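Asker: Here is my input; please provide its structure:
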Amino acid sequence: LSASSAKQLLPPGNPPMTKAISNQERSNYYEIAKPDVDGKCTNSGLDPEIANAVTLLRWCDALVFVYPTWWFNVPGALKSFFDRTLLPHVAFSLPPADLQSEREGPSTTSTGLVPLLTNIKKVGVVTTYGAPKPVALLAGDNGRQMISRAIRPLFNKECPMVWMGLYNIHGSSLKERQSFLSNVENRFRRF
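Answerer: Numbering: from 1, shown residues only. Presented below is the predicted three-dimensional model:
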């Protein structure tokens, strides 16, 4: 993970985590990041690498994801980052029992979860596609849907998302790729 002075976090592309998920993480998924009896988030049950990533997620105010779109989705390494860091008690909590029967309550998102990473106020994505844009959209553009509809609601409720995709990369000219990079540079200079 790399962090800039503006509290922006750029999660790694490959590999995000050097070790496979442990049996402890797998069997204690809903409890592993639970705060201690004093309500403090110690991350003590997490693998040190995951604990560091969680600390950075709680610190930053912007996230930028840069990756190639594979099969209309994020690469497995980025999906692993999401699975291992966007944990209960880190990224979200379940709504109070009196709100669980309702899909939305005053403190829940459209997903029915209570967001906990409200410090994150901006999300940016830069990605490339092998397919033309109409094909990516027809296929559902799952990576875009996952980040915008499932992950972004775990952040600040006013969190905008900047999405920059270079479609049909294999059929694009050098001039088109250079223009895309220039547009990315200009857009993220203001990010």
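Asker: For the rest of this, base every contact and every neighbour count on C-alpha atoms.
Answerer: Fine.
Asker: Quote the end-to-end distance of stretch 161-181.
Answerer: Criterion CA to CA, to the nearest Å; first-to-last residue distance in stretch 161-181 is 18 Å.
Asker: my bad, should have said stretch 54-69
Answerer: Counting by CA to CA, you get 24 Å between the two ends of stretch 54-69.
Asker: any idea how far that stretch is from the chain center?
Answerer: Mean-position distance between stretch 54-69 and its chain equals 6 Å (CA atoms, centre = their mean, to the nearest Å).
Asker: What of stretch 130-141?
Answerer: When distances are taken as CA atoms, centre = their mean, stretch 130-141 is centred 21 Å away from the chain's centroid.
Asker: first to last residue in that stretch, what's the distance?
Answerer: End-to-end distance (CA to CA), stretch 130-141: 12 Å.
Asker: which residues sit against that stretch?
Answerer: Thr69, Trp70, Phe72, Asn73, Tyr129, Tyr167, Asn168, Ile169, His170 (CA atoms under 8 Å, 6 or more residues apart in numbering).
Asker: Which pLDDT value goes with the first one?
Answerer: The one in question is Thr69. Predicted confidence (pLDDT) for Thr69: 96.
Asker: Looks like it contacts Gly143 (just checking).
Answerer: Yes - using CA atoms under 8 Å, Thr69 is in contact with Gly143, at 7.4 Å.
Asker: Which one's more surrounded, these two?
Answerer: Neighbours around Thr69 and Gly143, counted as other CA atoms under 10 Å, are more numerous at Thr69. The numbers are 23 against 18.
Asker: contacting residues around the more buried one?
Answerer: For Thr69, the set of contacting residues under the criterion of CA under 8 Å, 6+ apart consists of Pro75, Thr127, Thr128, Tyr129, Gly130, Gly143.
Asker: Of the residues you listed, which is the nearest to Val184?
Answerer: The shortest separation between Val184 and any of these is 10.3 Å, and it belongs to Thr127 (by CA to CA).
Asker: Secondary structure of the closest one: a helix, I assume?
Answerer: No - when the secondary structure is assigned by DSSP: H, G, I helix; E, B strand; the rest coil, Thr127 falls in strand instead of a helix.
Asker: Show the average pLDDT along the helix ranked longest in the chain.
Answerer: For the chain, the helix reaching the highest residue count under DSSP state H is reported as helix 174-189. Along helix 174-189, the predicted confidence averages to a pLDDT of 96.
Asker: For it, which helices and strands make contact with it?
Answerer: Counting contacts by 3 or more CA pairs under 8 Å, 6 or more residues apart in numbering; DSSP states H and E, helix 174-189 packs against strand 161-166.
Asker: Can you report how many residues lie near Pro11?
Answerer: Here the number of neighbours of Pro11 (other CA under 10 Å) works out to 20.
Asker: Hmm, I typed the wrong one, I wanted Leu154.
Answerer: By the measure other CA under 10 Å, the count of residues near Leu154 is 25.
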